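J.: The sequence and its predicted three-dimensional model are supplied below.
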Amino acid sequence: MTDVQHVHDPIARAVIESAADAIVAVDQKHRVTVWNPAAERMFGWSAEEMVGRVPPIVPDELKAEHNAVQERLLTRRAGEGESEKEGGQISIATRRFHRDGRLIDVRIDTSLLKDPAGTPLGWVGVYHPAEDDEIVQHHMTERARLVRRLNDIVADLNAELDLAVVLDRITTALIELTGADAGGFVRIEGQRLRLVSTSGLPEHMRGTTAELRPSLVGELLRSGKTVKLATGEQRLGDLIWSELPGLHTVALGLSYLQNRPYGALYALFSGRKIGHTELELLELLAGHAGVAVGNAVAYAEVVRQRAHERAVIDSSADGIAVLDHDLVVRQWNPAAHTLTGIPPEDAIGRPLPFDMPALGEMLTFPLESGVWLNVLAAEIEETGELVVDFRDVTEAKALEEAKDLFLATTSHELRTPITVVQGFASTLVNRWDELADLDRRAAVATIAERAQSLGRLVEHLLLGSRAGADELAVTVEPFDLARVLEGVVAGFRSLSDLHRVELEIEPGLPRCRGDAMATDIVLGQLLENAFKYSPDGGTVRVRAQAVAAGAAAGARGIAVTVEDEGIGIRPGDHERIFERFVQGEAGDRRRFGGIGLGLYIVKRLTEAQGGAISAHPGTSGESGTCMRLVLPAE
């Protein structure tokens, strides 16, 4: 047939115009070039309305069939086991739209339009009414059967959420529906293809990769179509097909995920020949495969996201509870168990075991265990669930209370010496001439003594601040501990008439490794405490001797003990007295003043030298305290 768009032969034109059957020709862009009077009568549109347009006569559900016929004609060649007539025409029974919207049954004989050189120009279809055609009825019945089976397969695919299983079921269904000898699904990964599912092919081919651009998938993407047919006359060495003996035809259809090409479904024929029905089924199945793959990918992402969220929740140091709409706990992480002591099996399915704050507000309260919690609540808008986050702020709460107590205690400790200094200074200024020389000297001595107390207090504050910030600088080197002990003890012996200080140093005491100045401060604080907490006087015994120290074989140390006969330490407080500000606690020791930094500084200075400090009851068992300092020996 010649190009019907330019029919100049009056006889040919007369034949087309007077034909009883509708004749419609379209170019390669599917625009009408011929629309005869019978076509006007069959479909209701005039030639003037249709020529140059894509005819709106193909129902959406039959477009895959329509495309399959056209693709089949493009790839058919006479001389491949078909007669010239068979090679140039495909006849199908189907349905098309009338202008008024109703569907009409037709049988269409479609042929490929070519120029004298054999170049495709388009297609021409001859439409026959088919109400009483038994062939049409058989075709429609078979088509209905295939559509029902396709729907069953699609329902089965959409119910499966494992991606690998979905892909394997797709290739299995492809062979069932099309009668192909083998099938496969390739995934597009950037500029490469990966064979991710096979049926009828050797298993070792799964996972094989190839370049996208020179492949049949690449050609199909560049064509803008969704289905492609390649026969024995075309290149078939694409990715996997060389291992199927006798391969003569490859059909492939694109699958899309979120409107982007995700992969392609292949049907391979080495025995039987493919028809337009099989090509249509391939295109439909490939389209549905994209939906099924999308469901599986979305489910996998949800599972991955849930696992990620679960890992974050489980590894969080904060307690996290997730509540449903009824304020019932649905998730309870390990930290929640640790903080509250309530295991998940006792928490899940029940209301939150403590009060929940208003959304966006923070609530701080103690549990019965004494643990203080900061609690926040937020809503997950997408699900309506509530997330309750709670963290342990016991240490921060204790530090806050200790700071408040420290400020109150420090103010108290500073007020007395400052008041005394102010009082005596005012007396000296206002009554200098009235006072005897002895009184003036006594007033100045009192001012000096109180100023010295203030100096020691400030020194403790500075040392305490540096110790809390881990900024205590010590120099660890060998020094004579016996000499330091003798100097400290000598200084304290003259400070009190009520106290007697005894010093006992083991003969041959080795040199110590540490900081002599820091050790002097430590020993001075221990003796000062011994005097302070034995207000009725008594003996303070200081002893030094070599001991085994550390886990290393042969490691040596020097132990120094300072024991008094004072009021002792309340049971359970022997560890706590080394904490910062603990002196501010209520009890018998509080009446002796102080800001609770002395022993804290002692502990930090000792540990900075690699030593250890501990408190014990007096050896008499009735009263007193024994402080034990251990430093490394040279």
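T.: In hand now; what should we look at? Residues are numbered from 1 along each chain as shown.
J.: Work out which residue lies at the spatial centre of the chain.
T.: In the chain, the centroid-proximal residue (CA atoms, centre = their mean) is residue 308; its distance is 4.6 Å.
J.: Regarding the closest residue to residue 343 other than its chain neighbours, what are the backbone dihedral angles?
T.: Counting by CB to CB, 6 or more residues apart in numbering, residue 337 is the residue found nearest to residue 343 once chain neighbours are left out, at 5.5 Å. All C-beta atoms are positioned from the backbone trio N, CA, C, and that covers glycine. Residue 337 adopts backbone torsions of phi -60, psi -50, taken as degrees, to the nearest 10.
J.: Unless I misread the structure, the residue nearest to the centre of the chain falls within a strand.
T.: No - under DSSP: H, G, I helix; E, B strand; the rest coil, residue 308 sits outside any strand and is assigned helix.
J.: can you pull the contacts of it?
T.: By CB atoms under 8 Å, 6 or more residues apart in numbering, no residues touch residue 308.
J.: if I look at the nearest residue to residue 347 once chain neighbours are set aside, how far off is residue 370?
T.: Spatial nearest neighbour of residue 347, excluding adjacent residues (CB to CB, 6+ apart): residue 332 at 4.2 Å. For residue 332, the distance to residue 370 (CB to CB, to the nearest Å) stands at 21 Å.
J.: of these two, who's got more company?
T.: It is residue 332, of residue 332 and residue 370, that has more neighbours when counted by other CB atoms under 10 Å, with 25 against 7.
J.: what's across from the more buried one in the sheet?
T.: Note on residue 332: beta-bridge partners by DSSP bridges are residue 321.
J.: Can we start the residue count at 407 from this point?
T.: OK, 407 is where the count begins now, so the last one is residue 738.
J.: Contacts only, for it.
T.: Residue 738 touches 727, 748, 750, 753, 754, counting by CB under 8 Å, 6+ apart.
J.: change it to 7 Å
T.: Contact analysis of residue 738 by CB atoms under 7 Å, 6 or more residues apart in numbering lists 727, 750, 753, 754.
J.: any chance you could map the strands in the stretch 557-706 of the chain?
T.: Under the criterion DSSP state E, counting those that start in this stretch, the stretch 557-706 of the chain carries strands at the ranges 588-595, 598-605, 615-617, 633-637, 655-663, 666-675.
J.: Okay, now the unreliable bits of the stretch 807-956 of the chain?
T.: Scanning the stretch 807-956 of the chain for pLDDT under 70 picks out 807-823, 825-826, 855-856, 859, 862-879, 955-956.
J.: That one: helices as residue ranges?
T.: Remark: helices assigned in the stretch 807-956 of the chain by DSSP state H, counting those that start in this stretch are 843-874, 887-899, 922-938.
J.: Then the stretch 557-706 of the chain?
T.: With helices called from DSSP H, counting those that start in this stretch, the stretch 557-706 of the chain shows them at 569-584, 622-629, 682-721.
J.: wait, which of these is closest to residue 667?
T.: Of all the helices of the stretch 557-706 of the chain, it is helix 622-629 that lies closest to residue 667, at 6.2 Å by CB to CB.
J.: got the angle for that closest one vs strand 633-637?
T.: If you take axes from the mean of the first three to the mean of the last three CA atoms, to 10 degrees, helix 622-629 sits at 130 degrees to strand 633-637.
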